[in-house]
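> sequence-free structure coming up:
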Ligand SMILES: Nc1ncnc2c1ncn2[C@@H]1O[C@H](COP(=O)(O)OP(=O)(O)OP(=O)(O)O)[C@@H](O)[C@H]1O
Ligand SMILES: O=P(O)(O)OC[C@H]1O[C@H](OP(=O)(O)OP(=O)(O)O)[C@H](O)[C@@H]1O
Ligand SMILES: O=C(O)c1cccnc1
């Protein structure tokens, strides 16, 4: 395809309706009205008990370069009937808003703000699409990876999904998210280069097909590589694959690191036990058994239950495509907007479903942990000016079933939303990927096992402060009166 407009910016990576709304705000002279938007999700992905927040690094890179390029303006000029003055406004557009966010690797929960944007209305509006696009995908994959890590215990996990991912961006950022969620390496070399993350791999069936037999293929591979994992299931795993691998390992001795064998088909519990036996008998107790083939957390759990002797799991399709739940569904809602008198007015969106009614006003999420053992008591969603970290006693109650409540003492309250961009300037120092991964693993250990298990986890408490709850009820009452009028 001939490229008419050079793809030199991500600023038009937004829905047309955002720019159309910007045009309305511009016509009305309210582009600079002060606004606050918050993002949250309502339903846990994969019915998990938490989500692993990911995507912030890409959001920061996106915001850093948020300008309408010449070709962006030219494209809008030629396709939309915007007046030149509006295009000039877009040309001069600079991001000056403030973004507060959960940090990558943080565990986040349903119905709490995970990211907040505050600043000129038009700016907050433009970035909704890209922000949700990034968070929804990366958080989803990091969460799926965390589930797979949970069942795999300390086994090695390799991400193999690139060929099956929904296009290239998904492979790359999905590989990174999988690493944050608990994977050890990716097969995608570009992801390794971009993010300085470990890459690893074995070889494909095609290599064995080229040589028409296992032995010749493994020999050729061993001649050209020190580290060897042989794929043994091309013809007959137990009768040809394993014996050929052992023969090549014997013949090459110290010239190679015989790391193990990979299986990619058949009954992997039965086969892995037989393979283990053959490798042990041949004097290779340290050779590992790798497995791949449409794996996910349920199959891995089942294979472990059957006593499969698998040491390394290669997971592709079902991880990178978030096979059983392909979207996270995080939304971005206006919670506060300046009125004509210059005062902030908090807003909400009413729904017939009580649990879906949003909470008005700018909020902070406080993670409440017990000082005695560092375990999480739940999250406390409070109005911005509240300081639950400065009180001795905290009354926490379920926002819908208010009779479910408790009073917490001897606790630490930690704010989840952190300043990332302030007045358009990036103030957050990006941690290394290793730090993010380690942080996430550490956060999981602060959760009670009941919230971490992958099947029917307990509902983690996400409570509203009394003030936030009262404010919500008052806002609903006022709205109802207004509607009646
Ligand atoms: N012992 C086992 N218990 C439960 N699931 C298993 C077991 N062994 C393999 N599986 C899973 O069963 C599925 C088998 O896939 P499938 O029937 O497509 O064939 P395959 O053996 O992989 O062969 P091929 O890919 O050559 O068609 C895979 O998802 C695999 O992970
Ligand atoms: O099963 P997944 O979880 O998606 O993992 C990735 C798959 O990709 C490869 O198969 P493929 O048939 O594409 O190539 P191959 O010839 O190397 O086996 C590999 O053998 C895995 O089965
Ligand atoms: O390295 C491997 O074994 C690998 C890589 C990608 C997909 N399947 C397998």
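It's in. Quantities reported herein were computed from a predicted structural model and do not represent experimental measurements. Numbers count the residues shown, from 1 in each chain. Ligands and ions are numbered 1, 2, ... in the order given.

> going by C-alpha atoms from here, please, whenever you check contacts or count neighbours.
Will do.

> what helix or strand is the residue of the chain most remote from its centre located in?
Relative to the mean C-alpha coordinate of the chain, counting by CA atoms, centre = their mean, the farthest residue is residue 251 (45.4 Å). Using DSSP states H and E, residue 251 sits in helix 242-252.

> all strands of the stretch 51-200 of the chain, in order?
For the stretch 51-200 of the chain, the strands defined by DSSP state E, counting those that start in this stretch cover 51-52, 98-101, 107-108, 115-120, 156-159, 185-186.

> repeat that for the stretch 201-350 of the chain.
Counting by DSSP E, counting those that start in this stretch, the strands of the stretch 201-350 of the chain are 227-231, 257-263, 288-292, 312-315, 331-338, 344-346.

> ok, the longest one: who's next to it in the sheet?
With DSSP bridges as the test, strand 331-338 is paired with strand 34-40 (antiparallel), strand 344-346 (antiparallel).

> distance of whatever residue of the stretch 351-485 of the chain ends up closest to ligand 2 relative to ligand 1?
Nearest residue of the stretch 351-485 of the chain to ligand 2: residue 454, at 19.2 Å (CA to the nearest ligand atom). According to CA to the nearest ligand atom, to the nearest Å, residue 454 stands 18 Å off from ligand 1.

> which residues touch that residue?
Taking CA atoms under 8 Å, 6 or more residues apart in numbering, we find residue 454 in contact with 47-49, 147, 150.

> mind checking which helix or strand it is in?
Applying DSSP H and E, one finds residue 454 in no helix or strand.

> so who does residue 114 touch?
The neighbours of residue 114, taking CA under 8 Å, 6+ apart as the test, are 38-40, 101-102, 108, 416-417.

> would you mind measuring from the residue farthest from the centre of the chain to residue 202?
20 Å (CA to CA, to the nearest Å).

> what residues sit buried inside stretch 269-286?
Residues 269, 271-272, 274-276, 278-279, 284 are the ones in stretch 269-286 that count as buried (16 or more other CA atoms under 10 Å).

> show me which of those residues neighbour ligand 1.
residue 269 (CA under 6 Å from any ligand atom).

> let's see which of the buried residues of stretch 269-286 end up in helices.
269, 271-272, 274-276, 278-279 (DSSP state H).

> number of nearby residues for the residue nearest to residue 295 when sequence neighbours are not counted?
The shortest distance from residue 295 to any non-neighbouring residue, by CA to CA, 6 or more residues apart in numbering, is to residue 315 (5.6 Å). Per other CA atoms under 10 Å, the neighbour tally for residue 315 reads 25.

> before we move on, what about residue 223?
Neighbour tally, residue 223, other CA under 10 Å: 12.

> of the ones in helices among the buried residues of stretch 269-286, closest to ligand 1?
residue 269 (4.3 Å).

> interface residues of this structure facing ligand 2?
160-161, 204-206, 264, 292-295, 315-317.

> residues in contact with residue 140?
Residue 140 makes contact with 45, 51-52, 322, 327-328 under the criterion CA under 8 Å, 6+ apart.

> include neighbour count, distance to ligand 3 and pLDDT when you put those residues into CSV, please.
Converted to CSV, these look like this (neighbours: other CA atoms under 10 Å; distance: CA to the nearest ligand atom, whole Å; pLDDT from 0 to 100):
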residue, neighbour count, distance to ligand 3, pLDDT
45, 23, 25, 98
51, 28, 26, 98
52, 27, 24, 98
322, 24, 16, 98
327, 17, 23, 97
328, 24, 25, 98
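
> ok, so of those, who is nearest residue 232?
residue 322 (28.3 Å; CA to CA).

> neighbours around the residue nearest to the closest one when sequence neighbours are not counted, how many?
Leaving aside its sequence neighbours, residue 322 sits nearest to residue 141 (CA to CA, 6+ apart; 6.3 Å). If you count neighbours by other CA under 10 Å, residue 141 ends up with 36.

> how near is residue 141 to ligand 3?
In terms of CA to the nearest ligand atom, residue 141 sits 17 Å off from ligand 3.

> per-residue confidence for that residue?
pLDDT for residue 141: 99.

> my guess is it contacts residue 177, does it?
Yes: using CA atoms under 8 Å, residue 141 is in contact with residue 177, at 5.8 Å.

> low-confidence stretches in the stretch 1-150 of the chain?
For the stretch 1-150 of the chain, the stretches flagged by pLDDT under 70 are 1-3.

> tell me which residue in it sits closest to ligand 1.
At 13.4 Å from ligand 1, residue 148 is the closest residue in the stretch 1-150 of the chain, using CA to the nearest ligand atom.

> wait, what's in contact with that residue?
Residue 148 makes contact with 296-297, 300, according to CA under 8 Å, 6+ apart.

> with residue 141 instead?
Per CA under 8 Å, 6+ apart, neighbours of residue 141: 174, 177-178, 181, 319-322.

> just checking, which of those residues belong to helices?
The helices, defined by DSSP H, take in 174, 177-178, 181, 319-320 from those.

> what's the spacing between residue 83 and residue 77?
To residue 77, residue 83 is 8 Å away according to CA to CA.

> wait, residue 75 sits on residue 6?
No: counting by CA under 8 Å, residue 75 sits too far from residue 6 to count as a contact (10.1 Å).

> please say which of these two ends up with more neighbours.
Using other CA under 10 Å as the criterion, residue 75 and residue 6 rank with residue 75 on top: 14 against 10.

> please name the nearest non-neighbouring residue to that one.
Nearest residue to residue 75, sequence neighbours excluded (CA to CA, 6+ apart): residue 5, at 7.2 Å.

> so how far is residue 268 from the one you found?
Distance of residue 5 to residue 268, given as CA to CA: 51 Å.

> neighbour count winner among these two?
Per other CA under 10 Å, whichever of residue 5 and residue 268 has more neighbours is residue 268, with 20 against 11.

> surely that one and residue 306 touch.
No: if you go by CA under 8 Å, residue 268 and residue 306 don't touch, sitting 9.7 Å apart.

> spell out which residues of this protein are next to ligand 3.
Counting by CA under 6 Å from any ligand atom, the chain sits next to ligand 3 at 160, 187, 201-203.

> follow-up on the earlier one: for residue 463, which of the strands of the stretch 201-350 of the chain is the nearest?
Among the strands of the stretch 201-350 of the chain, the nearest to residue 463 by CA to CA is strand 331-338 (17.6 Å).
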